[in-house]
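[1] please work out how this folds:
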Amino acid sequence: MGECDWRFRRVRAAMAEAELEGLLAYGPRHRRENVRYLTGARLRSPVTFAYLPLEGDPIAFVDSSSDVDAVWVAGYVEDVRPLFELSSVASGRLGVTHAALLPAASLRALEGAEIVHATALMERVRMVKSLWEIETLRRCARMCDDSWAILLAALRPGVAEYQLRAAVEASLHAAGAEDNLMLVASGGGEVRRMSSPGSRRVRDGDMVRVELTPQLEGYWAQICRSAIVGSPTTGQRDSFELFDEATAAGLDALRPGVTAHEVAKAQNDVLRRHGFGAYCGAERKSLRGHGHGLKRNEIAIVEGNPLVLEENAVVIVHPNAFTPLAGFHVLGDPVVVGRDGAEALLRTPRALDCV
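    Next up, the predicted model:
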């Protein structure tokens, strides 16, 4: 209950600042992070809501008996009601997350309230992690470490990308992972992006780029690495050194009070200094990292984003990009924004692994 109280205090402080009388977290099937934050429960109904008043007890609105049980087991919310009672909170100035996605029936049920869009408010609240959340993300990072080791053990000429995924997925789910997002790109300097693992078989000399993003107790953490099958070429070594320097620059820039723009710029400046500035533009979707938490990408670390990072935010710094050196390269580490800088969550060293 200490975790629950901590979350509710943070949300209510943000509500008071925004002059909201209530906060309604809407959870369509693909965006459950705010409902899970307020209920502590993994819900499966197509539509769910969690309501937190500025004063008083929270309420969950669900559409299945299994979700009722899940909310009660989590223990954050005792008052669980069916969806048709949503109108009971339709009054005053009501912050609603993902309000633009509300179904027509829900909008009608909330006609008695002044609806204020509150998605950004909740993203700022969730940016700062509790000690329990950080420990959960550390455990998820251990899964990232283990998964990368398993992938390297399975990596060899002739193995299919989907076989690499199967090896990793079996290990993750056996360890208690709820989900995993895995992107792969195998090949040479022609590779410009990653996608879901396919039927392509790895060849000698390939660079295999991987993003592994397991989910544990609702929380996502990620490892980004590139490995070489065989002996690396000069271009592949140069590519690793470039991206390792850029990653280090982004990590060195991290501290409470720095903006997402500054962290992204520190990484891009390395690429610019080495003559690869053409590969940093917005047209190339130059995301240089993102936040971790109940959503896979909670904070966009990109040039132009003025968002100020706070102490105990958890982010991954990754200058993933294409250059002519060796094609697309991925390298990145999740860290806690500590008082004195970045605190690593991974144990896996940044290295150009060769198998």
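[2] and the helix or strand encompassing M182, what does it pack onto?
    Using DSSP states H and E, the secondary-structure element containing M182 is strand 179-187. With contacts taken as 3 or more C-beta pairs under 8 Å, 6 or more residues apart in numbering; DSSP states H and E, strand 179-187 sits against helix 161-174, strand 207-216. Placement of C-beta: from N, CA and C, glycine included.
[3] what angle do it and strand 207-216 make?
    An angle of 180 degrees separates the directions of strand 179-187 and strand 207-216 when computed by axes from the mean of the first three to the mean of the last three C-alpha atoms, to 10 degrees.
[4] L183: which of the helices and strands packed on strand 179-187 is closest?
    In this view, the helices and strands packed on strand 179-187 are compared for proximity to L183 by C-beta to C-beta, and strand 207-216 is the closest at 4.3 Å.
[5] got the angle between the closest one and helix 161-174?
    Taking the same axes, to 10 degrees, one finds strand 207-216 and helix 161-174 inclined to each other by 30 degrees.
[6] show residues contacting whatever helix or strand comes next after strand 207-216.
    With elements assigned by DSSP H and E, the helix or strand that comes after strand 207-216 is strand 219-220. The contact list for strand 219-220 (C-beta atoms under 8 Å, 6 or more residues apart in numbering) reads 133, 136-137, 140, 181, 213-214, 292-296.
[7] got a list of what E343 touches?
    Here E343 is in contact with 335-337 (C-beta under 8 Å, 6+ apart).
[8] swap in V308?
    Taking C-beta under 8 Å, 6+ apart as the definition of contact, the neighbours of V308 are 257-259.
[9] check contacts around L271.
    Here L271 is in contact with 242, 246, 277, 279-280, 319, 321, 323 (criterion: C-beta under 8 Å, 6+ apart).
[10] err, E310, not the other one
    Under the criterion of C-beta under 8 Å, 6+ apart, the contact list for E310 reads 127-128, 256-257, 337.
[11] how about the nearest residue to E303, chain neighbours excluded?
    Setting aside the residues directly before and after it, E303 is nearest to A264 in space (C-beta to C-beta, 6 or more residues apart in numbering), at 4.6 Å.
[12] buried set for the strand holding M182?
    Judged by neighbour count (16 or more other C-beta atoms under 10 Å), strand 179-187 contains these buried residues: 180, 182-187.
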